[in-house]
Each structure stands twice: as structure tokens, then as C-alpha cells.
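S.K.: Here is the input, now give the coordinates:
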Amino acid sequence: MKPGTFGFLARLSRRVKKARQDDEVGMAQTAVTIRREIAQSNPEKLPELAASLHQLAYRLGRALRVAEALTPMLEAVAIRRRLADSDPDRFLPLLATSLHDQSVLLAAASRRAEALAPMQESVAIRRRLAKADAEAYLPVLAASLVQLSARLSNVGRRVDALIPAQETVAIHRRLAEADRGHFLPYLALSLSELSVHLSNAGREDEAVAPIQEAISLRRQLAMADPEGFSRPLAFSLNILGAALQALGRHEASLAQLQEAVTIQRKLPQAGSEALVDELAASLDNLSMALENTGRGDEGIAALREAVAIRRRLAEANPDRKLPVLAKSLTNLASSLGKAGQVHDELAAAEESVAINRRLAEAEPSAFIPDLGISLGNLAIALRDVGRRSDELAIAEEATTIFRRLANAEPNAFLPDLANSLTNLSDSLAASGRQDEAMRMVNEAIELRRGLSERDPKRYAGDLDHSLALRERLMSASGDC
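M.R.: Numbers count the residues shown, from 1 in each chain. Got it, this is the predicted structure:
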């Protein structure tokens, strides 16, 4: 493909898609207006109004107008709740659907804490319905359980997220036994999701078996239908690569990730943002595997390719793709720093911060956490080039961000606060502010001790790092 061709095709496709979506939103808004007028004089038509409101919210969500979509969805939920009170047999299933989609919209708006309750209610309703009619409602119960796992993980309840993820696998296994052709892909997907949740909960050794089963299923599916299932096969290979990497099985991880990238390079990518973005994500993961097997230069090359891809995507679609460009730049900065390419490290880290700062100004709830992470990387890059005073200011800003986030959502952000406190302590010590440095590292140790008690496999190494820093500070001050 000639340079610039992908960007042109992507922009053209996006313009056509946006025009179609705008037309769909306009028609849905007209339907709501008409049905609202009818329902005002005839309350028996409230079900039709609720259906139109739900459809409008769906259309707005597809057009990425998430904040606007929440208003009609909340109204649809309110109407269907009243209707379900008077006629549960007819309207409880519809209420469960609206609650499910309300949660999806809240999550898309980065309102993580608010997104949990409606999904929990949707699961409760669908569980009750499935007991009465398993054939009709087990599939939609599984769909809500998948989302519930994600909601719990998003608020830092990673261990709790395993319960609905495991139940989803059990449901899809049961359904696949009855209808293999239809439900086998769903079983493969839920096994992949379970593996991710096990890794997120620090149970990497348990994460391997379900993803290996998912890969086996998806290989069978891809042999029968390469066009339909090569892409999800690559997705599962990526997950297995990450799980093996976490276990220190770097060579095995590298083989899985190389296969994933090979598959993705063969997929027809012209004009497809999603496929090209998935290749960039795989290259991100591959770079780490290459670095861990002593092939750091190849890892940096993979990351540079990922950044180049995501830069093109961001030029064509900045609203959706700038955030992932910033993540790739953060990863590139870290790898460049390890390779001693400190000036390139600094450039990548500064660009990542600039992007995340702009995103966070426009949408704080969604992008402040990413800004905090990129600021932490920038502080390290500034340290690597000897700009200690600049490093300190950036490290303080990162700590301020994560302290505020951890106060609001401790389960999700205490680990990030502990990281930023440890980095800040190092920066303060280098600036001769030993007493403040000791206070920061002591706070980090207290946080990491609590985290390590809950999940030693995940956090014991971080605790050791903070303890070692405190020992160095004490030694430097002559206290030991």
C-alpha cells in the first residue's frame, strides 16, 4: 500500500460511517419525539417510548456520543422499572437489557464506580429469568456476567471479577455441549477473558490452561473458517504470550506473540482501523518478549513500528487513537531508557505526557490516570538525562494525581500511588531533601505492605524495592 493510502481510506470510511450514524441518530430522535407525544395522552404507549429511548441511546453510543446517550438510556431504565413493577413477566427482561446497556455506557464514559451497580442488577434479574427458562436466558446472563467481570476489575476488585468470569465459562461450556456450532466461539471467548482476569488477579500460573484451551478451540474454528476466526486466534495467542511472560517463560511467550503478529500481518488491513490497531497492540507485547530474551534492539524496532502505526491512526482518527498512541510512546520511552538511548527516551516520554495532558484537560475522568502513569515515566527519563530539578516537579505532580485518585478509588489506584511515592522519594533524596524522602518511602512501604499481604505474588517485589530504597536512604543519612 502506498504511503498515505491507509490514512485516506480510513478517513473516507470514517466520513461515510459518521454520515450514516448521524442519519440513524436523527431518525431515532424523531421516533422519540413522536412516541413521547403519543405517550403523554396514552400511557399504554409508554413501552414504545422506552423502546425508542433505548434505541436512541444505542445509536448515540455507536456514534461515540456517549455522554448524550446516557440521558435517554436513564429515562428508558426509569420507564421500564415502573412497567416491570406492574407487569414483571413482560418487562423484567427489557429492564435487564436497559440496565446492561446503561452500565456499558457508563463504563465507556469512564464512570467506573457508577457502572457497577446497574450491571449487578442486570445479572440478578437475568439469573432469576434463567432459572425459569434456561434456554432463553442463559446466553444473555452470560453476556451480563462477562460485563460484570470487567466492571469489578475496573474498580480494582480483580479477585471478585473471577467469580462471574468462571460462571461465564461454565455457562458457555454447557451451551456449547448442546449447540457446538453456535456456542463454541463464545466458549473460546469466555476462556480467553477468564485467562486475562486470572492474570490480573495475580494467578498467572492458573491463567495458562484456559487460554491454551481457547487457542485449541480457535485453531479448530480457524481451520474451518480462516477468514472468520484467524483474528480471534491471534487475540488469544497474544493473551497466552502475556501469561507466559508473567511466568518468566520468555522463549515460549515469544513464540506465541510471533505467531500472533504473523497471523495479523496476513489479514487484509486496508482501511480497517481495528485490524491495524490490533497489530500495533501485538507489536507492543512482542517488544517486551524480545527484550526479555536478550533481543532489545528488535524489541525497540517493534515498538517503533507500533508507534508509527498508531501515529497514522491518530492522524486519521485523533479522538479514538491518540490515547493508544500515548500508551505506545510510554512503552517506547521505557525500552529506550533500558537501552541507554536516554535522549530518545525523553522525547518519547515528553510526547506521551503532552498527549495525555491534552486528553485529560478535555476528559479528566477518562485520562487523568494515564497522565499520571506517563508523568511517572517522564520523571524517570528526566532523571536519566540528569535533569533532577525538572524530575522532582514531575514526580510531585504524578504523586498528587494518584493520591487524589486513590482517595476516591483505593482498590484501583493504591498500587499506582505506592509507585509514585517510591519514585518521588528517590527524586527528593537526589535533591537533598532527605527527611521528605524518608516520609514518602515510609508511606509507600505502608501501602505496599498492605497490598503484599492481600496479594503477595503480585506486590512482594514492589515492597522489596521500597524497603531497599529506605535502607539506602538510612545508610546515606548515617542512621544504620
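S.K.: make it CA atoms for all contacts and neighbour counts henceforth
M.R.: OK.
S.K.: tally of neighbours for the closest residue to residue 296 other than its chain neighbours?
M.R.: Counting by CA to CA, 6 or more residues apart in numbering, residue 290 is the residue found nearest to residue 296 once chain neighbours are left out, at 6.0 Å. Residue 290 is flanked by 22 other residues according to other CA atoms under 10 Å.
S.K.: my guess is residue 290 contacts residue 284, does it?
M.R.: No: using CA atoms under 8 Å as the test, residue 290 is too far from residue 284 to be in contact (10.3 Å).
S.K.: how close does residue 84 sit to residue 145?
M.R.: 22 Å (CA to CA, to the nearest Å).
S.K.: With neighbour numbers in mind, choose between these two.
M.R.: Ranked by neighbour count (other CA under 10 Å), residue 84 and residue 145 place residue 145 first, with 29 against 17.
S.K.: can you tell me how far the nearest residue to that one once chain neighbours are set aside sits from residue 406?
M.R.: Distance criterion CA to CA, 6+ apart; nearest residue to residue 145, sequence neighbours excluded, is residue 164 at 5.2 Å. Using CA to CA, one gets 25 Å for the distance from residue 164 to residue 406.
S.K.: Looking at the two, which is more packed in?
M.R.: Comparing residue 164 with residue 406 by other CA under 10 Å, the one with more neighbours is residue 164, at 21 against 18.
S.K.: list the contacts for the more buried one?
M.R.: Residue 164 makes contacts with 145-146, 148-149, as judged by CA atoms under 8 Å, 6 or more residues apart in numbering.
S.K.: Which of those fall within helices?
M.R.: Within the contacts of residue 164, residues falling in helices by DSSP state H are 145-146, 148-149.
S.K.: Going by distance to residue 264, which of these wins?
M.R.: Within the ones in helices among the contacts of residue 164, the smallest distance to residue 264 is 25.4 Å, found for residue 146 (CA to CA).
S.K.: Surely that closest one touches residue 165?
M.R.: Yes: taking contacts as CA under 8 Å, residue 146 lies within contact range of residue 165: 6.1 Å.
S.K.: quick one: low-confidence ranges for the stretch 201-350 of the chain?
M.R.: Applying pLDDT under 70 to the stretch 201-350 of the chain flags the ranges 269-271.
S.K.: And the helices in it?
M.R.: 204-224, 226-246, 250-266, 273-292, 296-316, 318-338, 342-362 (DSSP state H, counting those that start in this stretch).
S.K.: Tell me which of those sits nearest to residue 129.
M.R.: Smallest distance to residue 129 across those (CA to CA): 28.3 Å, for helix 204-224.
S.K.: so how far is the closest one off the chain centroid?
M.R.: 21 Å (CA atoms, centre = their mean, to the nearest Å).
S.K.: State the number of residues packed around residue 390.
M.R.: Residue 390 is flanked by 14 other residues according to other CA under 10 Å.
S.K.: Hmm, residue 380 and it touching each other?
M.R.: No: using CA under 8 Å, residue 390 makes no contact with residue 380, being 10.5 Å away.
S.K.: quick one: residue 356 and residue 366 touch, right?
M.R.: No: contact status for residue 356 versus residue 366: not in contact, 10.1 Å apart, counting by CA under 8 Å.
S.K.: Neighbour count for the two, which is higher?
M.R.: More crowded of residue 356 and residue 366, by other CA under 10 Å: residue 356, with 27 against 18.
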